[in-house]
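# Could you look at this predicted model? Sequence included:
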Amino acid sequence: MFESLSERLEGAFKQLKGEGRISEINVATTVKEIRRALVDADVNYKIAKEFTDRVKDKALGEKVITAISPGQLMVKIVKDELAELMGNTEVEVDLKANPTIILVAGLQGSGKTTFSGKLANFLKTKKARKPLLVAGDIYRPAAIDQLKVLGEQIGVEVYSEPENKNAVEIAQNALKHAKQNGNNVIIVDTAGRLAVDETMMTEVANIKAAINPQEILFVVDSMTGQDAVNTAKTFNDRLDFSGVVLTKLDGDTRGGAALTIKYTVNKPIKFVSMGEKLDTLDVFYPERMAQRILGMGDITTLVEKAQEQFNEAQAKKLEKKIRQNQFDFDDFKEQLQQIKKMGSLKDLLGMIPGVGKAVKDLDISDDAFKGIEAIINSMTPEERGNPDLIDGSRRKRIAKGSGKDIQEVNQFMKQFEQMRQMMKTMNKLPGGAKGLKGFG
Ligand code: GDP
């Protein structure tokens, strides 16, 4: 995401390389380049112009600090302005009411239903809520089934009335049902059309009036750029929504929607959705997003994701095993699975400063883990717990069972052995395996 914008901005900053200070002349060229980059990322010209005017004023007004080069100064100014444009601080969903009513609206195909599932999962696993999903799309029978499938995957109840053609009534009944069943959040997924039309707008507005939601989240496909921003405007004029959800940020989006929606409708982006897996919903942090756009990575998110997956008890258990030189294939597999839960490998690497750019063209698929997992899965429980058991003939059997070449199995065994040796060496150092704490 935003790759081409990132590259163009980097090019713009390069123009200041070698310059001793910021001047009217060198700032003008850089700023022009930044403006072009923004427009090419599908940012409306007027917004791009205002943005770069502010950057220019700030840069020229800045006192010359010798420790900072003009290039670095410019990066800092642009980062602050990007964060400001996207809303500066994060705004969470308001969950105070019981039940909290969340209405989800947007065009068909924007990712509404997928998002509803992700949100329910997020509220269940991260906010300890008991959500109820409501199928409010009365036009597409398949939409009810889709929501039911999602609900089943995440263990969340789905309320639907397949025979009822009155969406307002369904929403009201769902609310009653939620109160009787102790659901403290209800998420109403509404019908969408391919383009904004009056019937759809009236219907959503009627649902809003009938159930009085605390949150109305407008879902928009970030790949649609300027169109996304225009649709947001139309929905907001009618619904006065409380927040935006940007979907498909994993795709080849140029970034325009993410950058300008907040500015245009003056409503915060609350979530971003990347991918179809139900556990990939992220709260939107404008500052972190600005850093990622500028290739500064996003260590904060990376650390948070790690903290979510690795708990203290597990870390202690692992540390003990490493200290006693007992790290085995079961531990290895457990570690792999935890890393996988943090998100896509390429995405994670992209959060490390400087690495995102380096890996952007590499084909890093999460299948890389699959081969290793297949090898470990083909071992017997005894072999997994006691790696030293695995001799030549066992390796052959493992290769056959996992569908891998014997060379691949040998290579993996060698790497595993090297890792164990490294752990042993560390154990001999003062402080021992404590040094590995961050690892587990
Ligand atoms: P709805 O019509 O608004 O309810 O949209 P859906 O939730 O059915 O999504 C439309 C299509 O987009 C489906 O094929 C989804 O799998 C896909 N989709 C939804 N969200 C994302 C996302 O964040 N990333 C990607 N790549 N695809 C998504």
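Done, it's in.

# Next up, phi/psi of the residue most central in space within the chain, please.
Taking Cα atoms, centre = their mean, the centroid of the chain lies closest to D282, which sits 4.3 Å from it. Backbone torsions of D282, given as degrees, to the nearest 10, read phi -120, psi 140.

# What sits closest to it if chain neighbours are left out?
In space, and not counting its chain neighbours, D282 is closest to V272: 5.2 Å by Cβ to Cβ, 6 or more residues apart in numbering. Using the backbone N, CA and C atoms, a C-beta is placed for each residue, glycine as well.

# tell me what the top helix by length along the chain is packed against?
Using DSSP state H to define each element, the chain has its longest helix at helix 406-428. Under the contact criterion of 3 or more Cβ pairs under 8 Å, 6 or more residues apart in numbering; DSSP states H and E, helix 406-428 touches helix 312-323, helix 367-377, helix 392-402.

# The residue nearest to D282 contacts L249, correct?
Yes - contact criterion Cβ atoms under 8 Å: V272 and L249 qualify, at 5.0 Å.

# who touches the nearest residue to T234 once chain neighbours are set aside in this structure?
Among residues not flanking T234 along the chain, V196 sits closest, at 5.1 Å (Cβ to Cβ, 6+ apart). Each residue near V196 by Cβ atoms under 8 Å, 6 or more residues apart in numbering is listed here: 107, 231, 234-235.

# Is V196 in a helix, a strand, or coil?
Put simply, V196 is coil when judged by DSSP: H, G, I helix; E, B strand; the rest coil.

# do I47 as well
Following three-state DSSP, the label given to I47 is helix.

# Quick check: it vs G256, distance?
Distance of I47 to G256, given as Cβ to Cβ, to the nearest Å: 9 Å.

# More neighbours: which of those two?
Set I47 next to G256 and count neighbours by other Cβ atoms under 10 Å: G256 wins out with 26 against 18.

# Tell me the secondary structure at the closest residue in space to the more buried one that isn't next to it in sequence.
In this structure, G256 finds its nearest non-sequential neighbour in D42, 2.8 Å apart by Cβ to Cβ, 6+ apart. Counting by three-state DSSP, the backbone at D42 sits in coil.

# Can you give me the neighbour number for D42?
24.

# go on, the one 3 residues further on?
Counted by other Cβ under 10 Å, the residues lying close to Y45 total 10.

# per-residue pLDDT, it?
You'll see Y45 listed with a pLDDT of 93.

# hang on, it packs against V39?
Yes - between Y45 and V39 there is a contact under Cβ under 8 Å: 5.8 Å.

# quick one, phi/psi of G71?
Dihedral angles for G71 - degrees, to the nearest 10 - are phi -60, psi -50.

# Excluding residues flanking it in the chain, which one is nearest it?
Using Cβ to Cβ, 6+ apart and skipping the chain neighbours, the partner closest in space to G71 is L16 (4.3 Å).

# who's in contact with the one you found?
So L16 contacts 22, 26, 30, 69-71, 74 (Cβ under 8 Å, 6+ apart).

# do you know how far it is from V27?
Distance from L16 to V27, by Cβ to Cβ: 8 Å.

# Repeat that for N212.
N212 sits at a distance of 51 Å from V27 (criterion: Cβ to Cβ).

# neighbour-wise, which of those two wins?
Taking neighbours as other Cβ under 10 Å, N212 and V27 compare with V27 leading, 22 against 11.

# Helix or strand: which one has that one?
helix 24-40 (DSSP states H and E).

# Isn't A232 up against Y263?
No - when contacts are counted by Cβ under 8 Å, A232 is not listed as touching Y263 (10.8 Å).

# Could you report the pLDDT at the residue located most distally from the centre of the chain?
Most distant from the centre of the chain: S393, at 44.3 Å, with distances by Cα atoms, centre = their mean. On pLDDT, S393 comes in at 93.

# now K346
71.

# Relative to the ligand, how far out is it?
Between K346 and the ligand the computed distance is 14 Å (Cβ to the nearest ligand atom, to the nearest Å).

# Then G350?
G350 sits 16 Å away from the ligand, going by Cβ to the nearest ligand atom.

# again, but for A232
14 Å.

# before we move on, which element is that residue in?
Using DSSP H and E, A232 falls in helix 226-239.

# Give the other helices and strands that that helix contacts.
Contact partners of helix 226-239 among helices and strands, from 3+ Cβ pairs under 8 Å, 6+ apart: strand 100-106, helix 198-211, strand 215-221, helix 256-265.

# Redo these as CSV? Include mean pLDDT and distance to the ligand.
Shown next, in CSV, are those (pLDDT from 0 to 100; distance: least, Cβ to the nearest ligand atom, whole Å):
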stretch, mean pLDDT, distance to the ligand
strand 100-106, 96, 6
helix 198-211, 93, 12
strand 215-221, 96, 6
helix 256-265, 92, 13
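
# Need phi/psi at the residue of the stretch 301-440 of the chain found nearest the ligand.
Here the residue of the stretch 301-440 of the chain nearest the ligand is S344; by Cβ to the nearest ligand atom that distance is 11.1 Å. With angles defined as degrees, to the nearest 10, S344 sits at phi -70, psi 140.

# Pull the number of nearby residues for it.
The number of residues packed near S344 is 17, by other Cβ under 10 Å.

# Enumerate every residue touching V75.
V75 sits next to 13, 294 when contact means Cβ under 8 Å, 6+ apart.

# mind checking how far it is from L85?
With distances taken as Cβ to Cβ, V75 is found 15 Å from L85.
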